[in-house]
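1. Give me a 3D structure for the following:
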Amino acid sequence: MLFSIITVCFNSEKTIERTMKSVLNQTFKDFEYIIIDGASKDRTVEIVRRYEPLFEGKMKWISEADGGIYDAMNKGIEMASGDLIGIVNSDDYYEQDALEQIEKAYLRDDYCIIYGMLRKVLNGREVMVYIKNHDFLDEDMITHPTCFVSRKVYEKFGRYSLKYAYSADYEFMLRIKRQNEVRFIEVYYIISNFSLDGASGSVKAYMDTLRLKKEYQLIGKKEYWLKVFKSWIALRLGR
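-> Residues are numbered from 1 along each chain as shown. Predicted structure coming up:
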């Protein structure tokens, strides 16, 4: 397979069908689909079972307890056999030509990360479409839901650190950006749609990112503690 697509989910009965349809309806068909469910208690697994035959043998899935979203992603990467690995979470969904656009940009490098434009949606409505250049990773994260990482990158440089509950994708990109062997490739098409009501926008996620930046020496201790204090004040004031 050229592509391995991973969806991690937990109690996602309200959104996972849309995610699965976005993979099933891709114009580029050379892919496998891997679903890592965290032992959901709702109808998530029932929906997965119902869609499995539609993938005609290209889907594999597990349902078991995990150590969080990045542990689940690492499980999916372990199961992946494609040259390029993409992750679409259960409340997000791909554009229909996402794999087609990524395949066009793929230069068959052993170590590469291909990423594109992300549409943010809230209650089904478009909020913004954007892309952030990897040259500025020290300042901010690129559009991770659009990223396709070559399997050899994961094999050589490691997977997602469980040290960061909310920012392990950012830590991964910072770590990889420091490897001269890895090539980043931008694609100026909308690849994925991101739901704004997820965990990444929480105060805890922001604090996790601050800690990451301090440990990577992107901000000093003084700036770190000042931002932590401001965040604590804002949280207490309900802002």
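2. need the longest helix for the chain.
-> Ranked by residue count and defined by DSSP state H, the top helix of the chain is helix 221-237.
3. list the helices and strands that helix packs on?
-> Judged by 3 or more C-beta pairs under 8 Å, 6 or more residues apart in numbering; DSSP states H and E, the packing partners of helix 221-237 are helix 203-215. (Glycine included, C-beta is placed from N, CA and C.)
4. Closest to the centroid, which residue in this protein?
-> Nearest residue to the geometric centre of the chain (C-alpha atoms, centre = their mean): Pro145, 4.1 Å.
5. Distance check, that one against Lys75.
-> Per C-beta to C-beta, to the nearest Å, Pro145 is found 18 Å from Lys75.
6. Quick one: the helices in this protein, in order.
-> 16-24, 44-51, 69-79, 98-105, 151-157, 168-177, 203-215, 221-237.
7. of all those, which lies closest to Gly86?
-> helix 98-105 (7.4 Å; C-beta to C-beta).
8. so how far is that closest one off the chain centroid?
-> Computed by C-alpha atoms, centre = their mean, to the nearest Å, the chain-centroid distance of helix 98-105 equals 17 Å.
9. contacting residues around the longest helix of the chain?
-> With C-beta atoms under 8 Å, 6 or more residues apart in numbering as the test, helix 221-237 has contacts from Val203, Tyr206, Met207, Leu210, Arg211, Lys213, Lys214, Ile219.
10. biggest strand in the protein, by residue count?
-> strand 183-195 (DSSP state E).
11. Okay, buried residues for that one please.
-> Neighbour-count burial for strand 183-195 flags Phe184, Ile185, Glu186, Val187, Tyr189, Ile190, Ile191, Ser192, Asn193, Phe194, Ser195 (criterion: 16 or more other C-beta atoms under 10 Å).
12. Rank these by pLDDT and give me only the lowest.
-> pLDDT across the buried residues of strand 183-195 is lowest for Ser195, at 88.
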